[in-house]
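**Student:** need a structure here:
(2 chains)
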Number of protein chains: 2
Amino acid sequence: MSTEKRTKILDILQSGEVGSSALVKGWIRTKRQNKNVAFIALNDGSTLNNLQLVADPNEIEESLLRRCTTGASIAARGELVASQGSGQKVELIVKSLEILGEADPEKYPLQPKKHSMEFLREIAHLRPRTNTFGAVFRVRHAMIYAVHKFFNDKGFYNIHTPIITASDAEGAGETFKVTTLDLNNVPKTEEGKVDHEQDFFERETNLTVSGQLEGELAAMALGNIYTFGPTFRAENSNTTRHLAEFWMIEPEMAFYDLDDNADLAEEMLQYLVQYALDNCADDLKFLHDREVEENKNKKEADRPDMYLMDRLKFVVDNAFERVTYTEAIDILRNSKPNKKKKFNYLIEGWGADLQSEHERYLVEKHFKKPVILTDYPKDIKAFYMRQNDDDKTVAAMDILFPGIGEIVGGAQREERMDKLTTRMEEMGIPSEELWWYLDTRRFGSAPHSGFGLGFERMILFVTGMTNIRDVIPFPRTPGNAEF
Amino acid sequence: MSTEKRTKILDILQSGEVGSSALVKGWIRTKRQNKNVAFIALNDGSTLNNLQLVADPNEIEESLLRRCTTGASIAARGELVASQGSGQKVELIVKSLEILGEADPEKYPLQPKKHSMEFLREIAHLRPRTNTFGAVFRVRHAMIYAVHKFFNDKGFYNIHTPIITASDAEGAGETFKVTTLDLNNVPKTEEGKVDHEQDFFERETNLTVSGQLEGELAAMALGNIYTFGPTFRAENSNTTRHLAEFWMIEPEMAFYDLDDNADLAEEMLQYLVQYALDNCADDLKFLHDREVEENKNKKEADRPDMYLMDRLKFVVDNAFERVTYTEAIDILRNSKPNKKKKFNYLIEGWGADLQSEHERYLVEKHFKKPVILTDYPKDIKAFYMRQNDDDKTVAAMDILFPGIGEIVGGAQREERMDKLTTRMEEMGIPSEELWWYLDTRRFGSAPHSGFGLGFERMILFVTGMTNIRDVIPFPRTPGNAEF
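**Tutor:** Numbering: from 1, shown residues only, chains lettered A, B, ... in the order given. This is a model prediction of the structure:
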């Protein structure tokens, strides 16, 4: 049986016909057995749901059944019958069974009991075998596919921007160095500096922090493009929201102004959430119930206002509210939590950067809608954002979601050469290193816009998971690069 | 006009109605003008084809038309009329025109003349504005989308495997180091070694050479998965086939044997090529004609047997021939070029690694079909490939294409713990570093298979380009990390 074609459990549970025979393969989640019958819950990863196998100990060899322990991989052939009580439409009466790979109950770490998230992170190579992580990674896949489908259907071109780069898009500095120099014996120049001429690229290189600048180059030729690739920050932050390696989606559109940009981002976010609702029903229901369960014993005040499915519907059912930063500051300054000093960071005047607590107040309490904040003070935003006529603000936009705060950040880009270079000088961005970026303003410049969506931030939102390490298969954080 | 919504040239050329008005934006490719009329070829990247704009110098201000030079970005509004001679169905009679961004003819590098590929690589930030690179990157996008669609439709899950890793999947060694240590002053331990405890991940890390091993972990939980991400080799090779940074597609399937694996790879390759034929007709025709043109002045013997469209059809029209390595060696040993010593590497006996010239002989001369070679000598293949009963070969497969040789490499994986660890010992692969990989054989092991497709290799095949630096937007090679 081991080389014969199996049927996926997803297909059997969706359309398996009572009376037909089937060969299934998968991993045992649980086994219950008495003298007369053994029940095996089999999972093959194609769906959250297990197929119930029913085996008669008088027909299936005892020595085989004994090896059917949690985690073992088996092949089973039998007949589909209407299910008595497994919660599914059908179950499988086992006629023959083969053990593909055992799992010693004394050693296999994923026994059927509750494991802490911390423990599961230590066995990230096995955690996709759990209900929670199976669900999260199936949803993650659905979102990857939905991103490509959304942009492809709109005529956008996916561009692979470079991972190894000599530039630092944000000027933020916290990058990983990439080198082939011998660290035991770093070659030095006569002046005693690191001799990068001897390095692989004959210069200093690092891992990209964003594909935006290269994405803009492509947009100024192909029109509408998007990137979807890994980005890196060597920030020493051990929080539930930071990863050293994460994936970003960065569309860039020629001839789009800030309004067009906001329209596209809103449409994309609603599309992604609706796609999950349409295509991941079982997994989302499981994740929703899990969240309700986790909050059951919390005090009323500590429970979320909305649970997962409500938050997802909140996003697809409400047109996003568009409001300027300046208006938002007014709202926040006059808000109850500000007056009663409930915010950790009180809003005192124009110019302050907003914290997650402020963003969530605007979304959850004030507007009760997702919010697109626009026209931020130029001093808290990047050099490449288009300067407004007021000389104080730039054509930036952040999109704020319930429970999570900022999910998208974007801007109309500064397409005017003189304004751009002046701003770069003010901010100390070396223009000689970005000659190629400036060339797009030098030759055939045009208004254009773009935004960035942190993919793991989005998966946190869609799955309701609370730690970003739990929505990427193999998280990279300070001190962690196992697997 | 600059903030109004434009219509894409692709849509106008496909379905623009004569008599309707349109607003288009894009970059000028060429302008021809006399006293009575100016013709502007406008491209916006949505398609290879330009829209012809027709402007009356008596209606459109002379100072505007003067600034309409090659590379300038403009917005033009007018009326669509049946085209007289532009090769398209419609052209645009310009009623109003706005310059969005000029391109000084003295300085803009992409003047309408033939440029060498070497020169265009130096201006990789501008080359997507040429016909050739516009076509290549649109085809590249179509192939990205087709990969995701193929696997999604089959119920595979896309897994993002880590980019920064402490393991070296192939044991090949030529990896890029990733570090946050100060290279000017590398911290050392008391023994004088690099103190990686002070590094970001508190250990040595490098850029991944393959996502396969982590992909296997996911397959042993979710069933069928694929990766699609960047991989890296710090190999000092300046050839037309090597990149330091390239993208790989690596599916891994639980319960697949080598035959299933070959079936999937063949189906995928034919799907991708058919998708290009169905969705990239204009770009492929351009690339085909380009290839014919490039070979026009070559001697008969130096011209390819098949041009681009013929090679693409060769792949979709022929079932792939499956033959063992051992049979292939016999064929090659007795072949004319081997006997007449025309091969650079003569085939003398069993055990030799095949070169591109041998692979192409099998495909182009002997079988006249794409070829799947299986069951290679274990000594020329990786440690994780399943050992055959003959104790000499492993269940490997390579897929060979015309013009290009190997395009896919894969194997059934060794799922038997004892065989795997013995082989690792023989080959000096440290098993303590791969404890997590071995865990999948320890707990619920199962037969499984997978393969890798070098994405740029595939794009070379589908576009007919001959240098791998010309099929990725920003190539990384020794000494090159610009942009």
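**Student:** what about the residue of chain A positioned farthest from its centre, is that helix, strand or coil?
**Tutor:** The outermost residue of chain A relative to its centre, with distances by C-alpha atoms, centre = their mean, is A:N58 at 48.8 Å. Under DSSP: H, G, I helix; E, B strand; the rest coil, A:N58 falls in the coil class.
**Student:** Same check on A:H242?
**Tutor:** Going by three-state DSSP: A:H242 is coil.
**Student:** Check the gap between it and A:G78 for me.
**Tutor:** Using C-beta to C-beta, to the nearest Å, A:H242 is found at 49 Å from A:G78. Placement of C-beta: from N, CA and C, glycine included.
**Student:** repeat for A:K149
**Tutor:** In terms of C-beta to C-beta, A:K149 sits 37 Å off from A:G78.
**Student:** Compare neighbour counts for those two and give me the winner.
**Tutor:** More crowded of A:K149 and A:G78, by other C-beta atoms under 10 Å in any protein chain shown: A:G78, with 20 against 17.
**Student:** looking at it, the more buried one is touching A:K95, isn't it?
**Tutor:** Yes: between A:G78 and A:K95 there is a contact under C-beta atoms under 8 Å: 4.5 Å.
**Student:** Common neighbours of these two, please.
**Tutor:** Residues touching both A:G78 and A:K95 (C-beta atoms under 8 Å, 6 or more residues apart in numbering or on different chains): A:S21.
**Student:** burial of the nearest residue to A:G351 once chain neighbours are set aside, as a residue count?
**Tutor:** Closest residue to A:G351 apart from its sequence neighbours, by C-beta to C-beta, 6 or more residues apart in numbering or on different chains: A:P377 at 5.2 Å. Neighbour count for A:P377, taken as other C-beta under 10 Å: 17.
**Student:** Name whatever forms a beta bridge with A:P377.
**Tutor:** A:T393 (DSSP bridges).
**Student:** what residue ranges in chain A are flagged as low confidence?
**Tutor:** A:86, A:168-173 (pLDDT under 70).
**Student:** what about the helices in it?
**Tutor:** Counting by DSSP state H, chain A has helices at residues A:9-15, A:62-67, A:117-122, A:131-153, A:212-222, A:258-279, A:281-295, A:308-317, A:325-333, A:336-339, A:356-360, A:417-427, A:435-442, A:455-463.
**Student:** Most tightly packed of those?
**Tutor:** Counting by mean count of other C-beta atoms under 10 Å in any protein chain shown, helix A:212-222 has the highest mean neighbour count of the helices of chain A, with a mean of 27.
**Student:** Which elements pack onto that one?
**Tutor:** In terms of contacts (3 or more C-beta pairs under 8 Å, 6 or more residues apart in numbering or on different chains; DSSP states H and E), helix A:212-222 is packed against strand A:224-232, strand A:245-254, helix A:435-442, strand A:448-454, helix B:131-153.
**Student:** ok, which residues in the stretch 1-150 of chain A are in contact with chain B?
**Tutor:** Contact residues, the stretch 1-150 of chain A versus chain B (C-beta under 8 Å from any C-beta of the partner chain): A:2-3, A:5-6, A:8, A:10, A:25-28, A:44-46, A:71-73, A:75, A:100-104, A:107-108, A:110, A:125-126, A:128-129, A:133-134, A:137-138, A:140-141, A:144-145, A:148-149.
**Student:** and those residues, which are buried?
**Tutor:** A:6, A:8, A:10, A:25-28, A:44-46, A:71-73, A:75, A:100-103, A:108, A:110, A:125-126, A:128-129, A:133-134, A:137-138, A:140-141, A:144-145, A:148-149 (16 or more other C-beta atoms under 10 Å in any protein chain shown).
**Student:** Show me what the closest residue to chain B within the stretch 1-150 of chain A is bridged to.
**Tutor:** As assessed by C-beta to the nearest C-beta, chain B sits closest to A:G101 within the stretch 1-150 of chain A, at 3.1 Å. Here A:G101 sits in beta bridges with A:S73, going by DSSP bridges.
**Student:** I'd like the helices and strands packed on helix A:212-222 as CSV, with distance to A:L354 appended.
**Tutor:** Listed next are these as CSV, based on distance: least, C-beta to C-beta, whole Å:
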stretch, distance to A:L354
strand A:224-232, 23
strand A:245-254, 21
helix A:435-442, 28
strand A:448-454, 17
helix B:131-153, 35
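**Student:** Select, out of the ones you listed, the one closest to B:A276.
**Tutor:** Evaluated over those, closeness to B:A276 peaks at helix B:131-153, with 6.0 Å, by C-beta to C-beta.
**Student:** In space, what's closest to A:N338 - neighbours in sequence excluded?
**Tutor:** Per C-beta to C-beta, 6+ apart, closest to A:N338 is A:I347, 5.3 Å.
**Student:** Quick one: neighbours of the nearest residue to A:M465 once chain neighbours are set aside, just the number.
**Tutor:** Nearest non-adjacent residue to A:M465, counting by C-beta to C-beta, 6+ apart: A:V471, 5.3 Å away. By other C-beta under 10 Å, 26 other residues sit near A:V471.
**Student:** Can you verify my assumption that A:V471 contacts A:E456?
**Tutor:** Yes: contact criterion C-beta under 8 Å: A:V471 and A:E456 qualify, at 5.2 Å.
**Student:** Can you give me the separation between the residue lying closest to A:G444 once chain neighbours are set aside and B:V24?
**Tutor:** Counting by C-beta to C-beta, 6+ apart, B:S73 is the residue found nearest to A:G444 once chain neighbours are left out, at 4.0 Å. Counting by C-beta to C-beta, the gap from B:S73 to B:V24 is 11 Å.
**Student:** and of the helices of chain A, who's closest to B:T421?
**Tutor:** Checking these against B:T421 by C-beta to C-beta gives helix A:62-67 as the closest, at 21.2 Å.
**Student:** What helices and strands are in contact with the closest one?
**Tutor:** Helix A:62-67 is packed against strand A:90-101, with contacts defined by 3+ C-beta pairs under 8 Å, 6+ apart.
**Student:** Run the angle between the strand it packs on and helix B:212-222 for me.
**Tutor:** Our comparison of strand A:90-101 with helix B:212-222, counting by axes from the mean of the first three to the mean of the last three C-alpha atoms, to 10 degrees, yields an angle of 140 degrees.
**Student:** now the closest residue to A:L453 other than its chain neighbours, which residues is it bridged with?
**Tutor:** Spatial nearest neighbour of A:L453, excluding adjacent residues (C-beta to C-beta, 6+ apart): A:I249 at 4.5 Å. Legend: beta-bridge partners of A:I249 under DSSP bridges are A:F228, A:L453.
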